[in-house]
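Chemist: can't give you the sequence, but here's the structure:
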């Protein structure tokens, strides 16, 4: 159990969220990460999506280019 006003931030080079975004969100939830930043999402455009895991709701924002070659996001 964390004490005080701790805030846990994580970064992760995911090398594509396609087909594994739920798995990534669950890993962050297990590690009790408050905010996570991802590199190389490889998703087109920009938007957000909700994920639910273990009774918690998470919101993933991302921004990519039109060619799916890179992109970043945060949860």
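Modeler: Ah, there it is. Note that the structure is predicted; figures quoted are calculated from it, not measured.

Chemist: from here on, contacts and neighbour counts on C-alpha atoms
Modeler: Noted.

Chemist: the helices in this structure, which residues?
Modeler: With DSSP state H as the definition, the chain shows helices at residue ranges 21-30.

Chemist: what about it, any weak spots by pLDDT?
Modeler: Applying pLDDT under 70 to the chain flags residues 1-4.

Chemist: Residue 40 is in contact with residue 11, isn't it?
Modeler: No: Residue 40 is not in contact with residue 11 according to CA atoms under 8 Å; the separation is 11.4 Å.

Chemist: The two: which is more packed in?
Modeler: Shown here are residue 40 and residue 11; by other CA atoms under 10 Å, residue 40 has more neighbours (18 against 13).

Chemist: roughly how far apart are that one and residue 59?
Modeler: 18 Å (CA to CA, to the nearest Å).

Chemist: ok, now residue 11?
Modeler: Distance of residue 11 to residue 59, given as CA to CA: 16 Å.

Chemist: Could you give the number of residues near the residue lying closest to residue 50 once chain neighbours are set aside?
Modeler: In space, not counting the residues next to it along the chain, residue 50 is nearest to residue 59; the distance is 4.5 Å by CA to CA, 6 or more residues apart in numbering. Residues near residue 59, counting by other CA under 10 Å, number 12.
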